[in-house]
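**Student:** Using only what follows, build the 3D model:
(chains A and B)
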Protein chains: 2
Amino acid sequence: MTSLLSPFELSALYAVVGIAIAALFYALLLRRQVLRERMGSGKVLDVWNGIKSGANAYLKVQFKSLILFIGILGIFLFFSASVDDQPFFIAIGRVGAFLIGAFFSAMVGYVGMNMAVQGNIRVSEASKKGFREALKIAYRTGTITGMLTDGLGLLGGVVIFLIYVDHSPDVLLGFGFGGTLLALFMRVGGGIYTKAADMGADLVGKVEQGIPEDDPRNAAVVADLVGDNVGDCAGMAADIFESYEVTMVSALILGLSIATLGPVFDAKWIVFPILVRGIGVVSTIVGTYAVSKWPDRLTKGSAFKAMDLSYDLSSVISIVSFLMLSIFYVNDIRVFLATTMGIILAMSFNKISNYYTSCDNNPVKAVAATTKTGPANVILQGIALGFESTVWTILMIAATIVVSMLIWTGAGILFAFYGVALAGIGMLTHTGNNVAMDTFGPIADNANGIGEMAGIEGEPRKVLADLDAAGNTTKAITKALAIASAVIAAVSLFSAFTETLGVKLDMATDPLVFVGLLIGGALPFLFSFISIKAVTRAASKIIEEVRKQFRMPGIMEGKKLPDYAKVVAICTSAAQRDLAGLAIIAILTPLIVGTLLGATAWGGFLAGVILTGQLLAVFMANSGGAWDNAKKRIEEGHYGGKGSKNHEASIIGDTVGDPLKDTAGPALNPMIKVINLVSLLFSGAVLSLRDLLVWEIPNTGLQIPVASIILSIVMIGIVAGAILLTKRESKETLCDIEEEGASKQ
Amino acid sequence: MTSLLSPFELSALYAVVGIAIAALFYALLLRRQVLRERMGSGKVLDVWNGIKSGANAYLKVQFKSLILFIGILGIFLFFSASVDDQPFFIAIGRVGAFLIGAFFSAMVGYVGMNMAVQGNIRVSEASKKGFREALKIAYRTGTITGMLTDGLGLLGGVVIFLIYVDHSPDVLLGFGFGGTLLALFMRVGGGIYTKAADMGADLVGKVEQGIPEDDPRNAAVVADLVGDNVGDCAGMAADIFESYEVTMVSALILGLSIATLGPVFDAKWIVFPILVRGIGVVSTIVGTYAVSKWPDRLTKGSAFKAMDLSYDLSSVISIVSFLMLSIFYVNDIRVFLATTMGIILAMSFNKISNYYTSCDNNPVKAVAATTKTGPANVILQGIALGFESTVWTILMIAATIVVSMLIWTGAGILFAFYGVALAGIGMLTHTGNNVAMDTFGPIADNANGIGEMAGIEGEPRKVLADLDAAGNTTKAITKALAIASAVIAAVSLFSAFTETLGVKLDMATDPLVFVGLLIGGALPFLFSFISIKAVTRAASKIIEEVRKQFRMPGIMEGKKLPDYAKVVAICTSAAQRDLAGLAIIAILTPLIVGTLLGATAWGGFLAGVILTGQLLAVFMANSGGAWDNAKKRIEEGHYGGKGSKNHEASIIGDTVGDPLKDTAGPALNPMIKVINLVSLLFSGAVLSLRDLLVWEIPNTGLQIPVASIILSIVMIGIVAGAILLTKRESKETLCDIEEEGASKQ
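**Tutor:** I've put the predicted structure just below:
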């Protein structure tokens, strides 16, 4: 079927396969370099082993509970393809791609996390050799995950494309869905884990007992460090991997529709996005490799400057290549403009979130200043700030769509949305650099924690603290990118959905579109509610356990190590509990809306999910980030510094913000993508159900789709069960607390 | 033009005019009864005079700043009608109706508030005669406002209808807009005022100085009591008056479209909603009159039970009459079903908000229980609860639309939305009873405050406290009704908008609909951000003043009265500051979207505003309500009771919730209505601008609507200026605090 491609296209695509493989080899090379470094020794190894085994134990449980979902969904995928009258080779290809997508995403998370664990102890040790050395190891370790994301994502995508060409979107959907499903689990599970452990450790350790963060006497300290790895590292890597996939899938679906518009199949609209991805990987490799090669007169000794220069280098290579490609291959400058727009969008998201959450700008300063009027005002200030920031980010998204329409003026809606999809492609051009910088965050965080426990003092301690702070910045940048790319990916999936179904979504003549919009808009609120509750519930269990361990003789005196594994086990099982419920909601709700209310409501539903998903995600991310940094600002010595009343108020803000910014907010990224992908994959099957067993009420013209209603009732039952399960448990907790309260009075 | 009506219809409508006048006379009668009651005497009269003059001073300033807006908008209204090619008598009628609507709404607020002020001191005095007597006066005073809302709303609506008949919607839009504009000012201004005063009084009085609430030594105490009147009483009454109007307007617009569908003009579709309103007023008068007439064996001595019985009586009369009307007049049972659905929707909203915010249910108990793990968890628990509650309420709205579609199956979209509009009519059938119960809230609250300052002790004190608590419940019920009716009104206005413009809003083929949706969805966030900031900013000024006054000799010892008027003046001017900005945003943003992006983006924009407006309003109302009652629960003695650590945590929750539930949340009700009405009124004029001065770029087909772009830029400039103004001031505050912080360190 590759006959649809020209010889040039074919060889270019093979070159991209080569690039993807090269990226994987580069990752292997870096891995060897990192593992060669010194690990440190002594008591700290015990703690480190705890982190290592805790993190792996978590992923093991996580993967086990995933297998059931993957199995069931694989079967449904196969049948849905058959209902859609897809040929067998596509149906089976889709299932295979689904499994591979899930496996690749798992790999990225698993390897990335393990490398982070290997890296952190080495960074901690390297801090004795100075800032530059420690930073180098941390960045290299992060780059491994980055290259893995790039390599596996590109390899899977392009190989599937080469096999299926004009049918590739159907199969690639499966690939994207595998990655997305895994990302949902990793992101949400990791998010619950990391914040529950964090809250548990802080509330008992720092607040109740007044001992420092990362003190080895705290039983939750290892769980806390594990959490950084499973949440920020494995979760984020899987999330970005997914966006990387999904933007490619949606660009190919829309590109394919354009390619078949004319009398002759015009492959360039699908080949271009793949080549852009290939170029991105090359420039990422060049850029990340260059980090340690810049002359001192350019970096002025700051290794950070070196990272920045490398990023700029990658960008220049990419943009020039895109321009060449669009002029000489596509013969259409507009694809270049659209792709570049994505890069600009990513930058502007980054600027906005930086403005609202960084210590140096007015918003965070204002939050820090309000600590003087008490914690309630701190919370209000943070909420207002988050509300404000979300307005500007959504305007950026709206502007992107409008600009895309202007670029393709007169060419029709398909091109406008293809332009949006290309913006998604452009935005994730330097995924490798981004993931590297992001993974750097938890590594530095852990290294600092290990350093604290290992008793590293003086200059090396400062090195580690600086790295930790730098990590917060790089994490924030990636968070903005993750949200922006999720929304852009979702918008292109949404347009692929309407394009595939050929459905009209006219709110003016079809109230069901509006009904769907309302239901869809509510879903991110439901999702956030459950994930916030999951964190507080898990945290209260951890608090109980840590308190118990503090009461044991010898622990507080530091003569005996607490039982870290027990807290890790509590976190692991708690994170799994609500995860299944959330996954069920994300997968079944779109199917319920479609089955019960039909295609137009379904379309409205997707629009509603994207709209409020984006608003809530940004609100929670930025409010949380601002509270976090307001606390840091006070700890730097403003407004009374550590230990003051103001500091206490800022800690309350930070504690409120943590589950918002690290659990509920990020959980919305994979959610909106899962919902859109599920809709694309199952819409054919679900909608054809509506024609089965239709009963017409005599004399009314009212047609009742019996099969759909029965299926909806079953699915609503399952979703209601999932929601009730989360509520039942909170009643138990409530009773516990009620009784305890009564006995104390 | 009344020739379009049958003699029966004509006489029925004249009867409705009679009913409306009767309602106003009933209000007058009640006023005389209330004013006859004893007022109390002594030092308390000083405080009361402070409240009275403070409240009136506030309204005076408020009305003054309104006049400019009303003048400008009146002129624009006239021109917009001319651009729409409306005959002169309609253009002038619209402007006249606009002025009358604004005047009526102002009257409801002004008289209602003044009566509340007259009532509260009398209730306080009557508490000495027992619970029943005090309740009677409070309820009667509330009923005055209720009957005024009913009477003026109905009178204005039906008289305009009788004059204009088939052109009446065009004129009624002006009437509704007048009411809405005033409601926006009263609701937002009152909301900022009341919570700023409340926060200021509490933070210095209760928290810093440890003196009780409503202590006369606190300089902010009068402002706090004034705030209850201008916010909860004048603001809420104007808000409900507006919904009462707007639901009628939208029912008439949609009804008119249906009336002209057939070959003969069929007036019943427009006359029915008016008759329903008339019946509602009659049954309200009967019901409220019956309150003190129920035999003891039915009420079992509880005056509350009497209110309930009266409400039930009103409902029975209404529903039976609706049924008769729909069978014998309209000959279509479906109008009855749709109207009844509205009553059910109001009840279900009430049930949901009651479940999430009342002390007796699990959600509030859970919030109270989490106080044991500190304030951060209290905040998280409350946010999660608000998120959850908003999901179920929006599902109820969605269900209402679906049921309306099912009722009118096969009849087309117009009927489905007409059904929704009828639901709005049904929902507000007993506006009189509702406003009576709501106004009861601030009266009881004030009476309790005055009682505290007058040193009333023993049984009468308990009576006042009980009334105060009862008032919180009735306030919560009305709040749910206000939100539900605002959303339903907005949905019907939205459909009237699409119907009037005849525009297609197909998200699948027109990306601008989606762009509009995104922008509209962001607006409630922007609005909430500004109103929250307005409260905290005003509160910080009040805190400063109160602190200063406490430092003056003699105040703390109670030898000298503090300068209440000064704090009242600060509140008044602070409330006005951000008000103008918010009004500008609400009025101009829809015009900007329409001018710049056209009709389809405008439609999407309205849908977005309704969606997130509803979600945020319910979230903020219920989170706030739950925090409030969790605090009350602890004050009842649970979890350590007053003064405990847990109590402190619950106060933080309550303080966060206050501006959310009483300022930002309620501000969204008039906002979504203003935006929809502005759109309806100005769409013709704005869209015809797009055809002026169009410049076509050669060889591209790209048409640039120059006039629109220039106008947009001007309007964007004004909106940006309004937003920047709110931000500039916060920078000043920031600098103040920075300096103070620096000087203290």
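**Student:** hey, let's count contacts and neighbours off CA atoms from now on
**Tutor:** OK.
**Student:** Helix or strand for the nearest residue to A:Ile92 once chain neighbours are set aside, just tell me which one.
**Tutor:** The spatial neighbour of A:Ile92 that comes closest, neighbours along the chain excluded (C-alpha to C-alpha, 6 or more residues apart in numbering or on different chains), is A:Phe78 at 6.5 Å. Using DSSP states H and E, A:Phe78 maps to helix A:43-83.
**Student:** likewise A:Met324?
**Tutor:** Using DSSP H and E, A:Met324 maps to helix A:303-324.
**Student:** which residues touch that helix?
**Tutor:** Residues outside helix A:303-324 that contact it (C-alpha atoms under 8 Å, 6 or more residues apart in numbering or on different chains): A:132, A:135, A:276, A:279-280, A:283-284, A:286-288, A:290-292, A:294, A:299, A:333, A:336, A:340, A:429-430, A:433.
**Student:** Against A:Ile450, how distant is A:Ala470?
**Tutor:** Note on A:Ala470: its distance to A:Ile450, by C-alpha to C-alpha, to the nearest Å, is 17 Å.
**Student:** How about A:Asn377, nearest residue that isn't a chain neighbour?
**Tutor:** The shortest distance from A:Asn377 to any non-neighbouring residue, by C-alpha to C-alpha, 6+ apart, is to A:Thr370 (6.2 Å).
**Student:** where does the one you found land on pLDDT?
**Tutor:** Looking at A:Thr370, its pLDDT reads 86.
**Student:** related to what we said a few turns ago, could you double-check that the residue nearest to A:Ile92 sits in contact with A:Arg94?
**Tutor:** Yes. A:Phe78 is within contact range of A:Arg94, at 7.4 Å (criterion: C-alpha atoms under 8 Å).
**Student:** between the two, who's got more neighbours?
**Tutor:** Taking neighbours as other C-alpha atoms under 10 Å in any protein chain shown, A:Phe78 and A:Arg94 compare with A:Arg94 leading, 29 against 20.
**Student:** The strand or helix carrying A:Ala534 vs helix B:511-551, what angle?
**Tutor:** Per DSSP H and E: A:Ala534 is located in helix A:511-551. Comparing the axes of helix A:511-551 and helix B:511-551 via axes from the mean of the first three to the mean of the last three C-alpha atoms, to 10 degrees yields an angle of 50 degrees.
**Student:** Downstream of helix A:511-551, the next helix or strand is which one?
**Tutor:** Helix A:511-551 is succeeded, C-terminally, by helix A:564-597 (DSSP H and E).
**Student:** Say whether chain B is contacted by that next one.
**Tutor:** No. Residues of helix A:564-597 contacting chain B under C-alpha under 8 Å from any C-alpha of the partner chain: none, with a closest distance of 9.2 Å.
**Student:** average pLDDT across that helix?
**Tutor:** In this model, helix A:564-597 carries a mean pLDDT of 88.
**Student:** now do stretch A:308-318
**Tutor:** Averaging pLDDT along stretch A:308-318 yields 86.
**Student:** one step back: name the helices or strands packed onto the helix holding A:Phe78?
**Tutor:** helix A:88-126, helix A:168-201, helix A:221-227, helix A:431-453, helix A:564-597, helix A:665-689 (3 or more C-alpha pairs under 8 Å, 6 or more residues apart in numbering or on different chains; DSSP states H and E).
**Student:** what's the distance between the closest residue to A:Ala27 other than its chain neighbours and A:Ile530?
**Tutor:** Setting aside the residues directly before and after it, A:Ala27 is nearest to A:Ile144 in space (C-alpha to C-alpha, 6+ apart), at 4.7 Å. Here A:Ile144 is placed at a distance of 34 Å from A:Ile530 (C-alpha to C-alpha).
**Student:** okay, those two: which has more neighbours?
**Tutor:** Between A:Ile144 and A:Ile530, A:Ile144 has the larger neighbour count (other C-alpha under 10 Å), namely 30 against 23.
**Student:** Does the more buried one touch A:Ala436 like I think?
**Tutor:** Yes. At 7.2 Å, A:Ile144 counts as touching A:Ala436 under the criterion of C-alpha under 8 Å.
**Student:** So which bits of the helix holding A:Met324 are buried?
**Tutor:** A:303, A:306-307, A:309-311, A:313-315, A:317-319, A:321-323 (16 or more other C-alpha atoms under 10 Å in any protein chain shown).
**Student:** just stretch A:116-132 next, same as before
**Tutor:** Buried, per 16+ other C-alpha under 10 Å, within stretch A:116-132: A:116-128, A:131-132.
**Student:** Disregarding residues adjacent in the polypeptide, which is nearest to the residue of chain A found nearest chain B?
**Tutor:** Residue of chain A nearest chain B, by C-alpha to the nearest C-alpha: A:Asp506 (3.8 Å). Distances taken as C-alpha to C-alpha, 6+ apart place B:Asp506 nearest to A:Asp506, at 3.8 Å, with adjacent residues excluded.
**Student:** Quick check, pLDDT for the one you found.
**Tutor:** Note for B:Asp506: predicted pLDDT of 88.
**Student:** Now do the helix holding A:Phe78, average pLDDT.
**Tutor:** What helix A:43-83 shows for mean pLDDT is 84.
**Student:** So what's the gap between that helix and the chain middle?
**Tutor:** 16 Å (C-alpha atoms, centre = their mean, to the nearest Å).
**Student:** got it, and stretch A:554-564?
**Tutor:** In terms of C-alpha atoms, centre = their mean, the centre of stretch A:554-564 is found 36 Å from the chain centre.
**Student:** List the contacts of it.
**Tutor:** By C-alpha under 8 Å, 6+ apart, stretch A:554-564 touches A:50, A:216-223, A:549-550.
**Student:** Please repeat the previous calculation with a cut-off of 10 Å.
**Tutor:** Stretch A:554-564 has contacts (C-alpha atoms under 10 Å, 6 or more residues apart in numbering or on different chains) with A:46-47, A:50-51, A:54, A:209, A:211, A:215-223, A:545-546, A:549-550, A:552-553.
**Student:** From one end of that stretch to the other, what's the distance?
**Tutor:** This stretch, stretch A:554-564, spans 15 Å end to end (C-alpha to C-alpha).
**Student:** Show me what counts as buried in that stretch.
**Tutor:** A:555-556, A:561-564.
**Student:** Now for A:Gly717, how many residues are close by?
**Tutor:** Number of residues near A:Gly717 (other C-alpha under 10 Å) recorded here: 12.
**Student:** before we move on, what about the one 3 residues further on?
**Tutor:** When neighbours are counted by other C-alpha under 10 Å, A:Ala720 registers 13.
**Student:** cool, and A:Leu29?
**Tutor:** By other C-alpha under 10 Å, neighbour count at A:Leu29 equals 12.
**Student:** out of everything not next to it in sequence, what's closest to A:Thr439?
**Tutor:** Take A:Thr439 and drop its neighbours on the chain: the residue closest to it by C-alpha to C-alpha, 6+ apart is A:Gly142, 4.8 Å away.
**Student:** show me what contacts the one you found?
**Tutor:** Counting by C-alpha under 10 Å, 6+ apart, A:Gly142 touches A:27, A:30, A:112-113, A:115-116, A:119, A:136, A:233, A:432-443.
**Student:** now it: how far from B:Tyr418?
**Tutor:** 59 Å.
**Student:** Look at the closest residue to A:Asn361 other than its chain neighbours and tell me its secondary structure.
**Tutor:** Leaving aside its chain neighbours, A:Asn361 sits nearest to A:Tyr355 (6.0 Å; criterion: C-alpha to C-alpha, 6+ apart). With DSSP: H, G, I helix; E, B strand; the rest coil as the basis, A:Tyr355 sits in helix.
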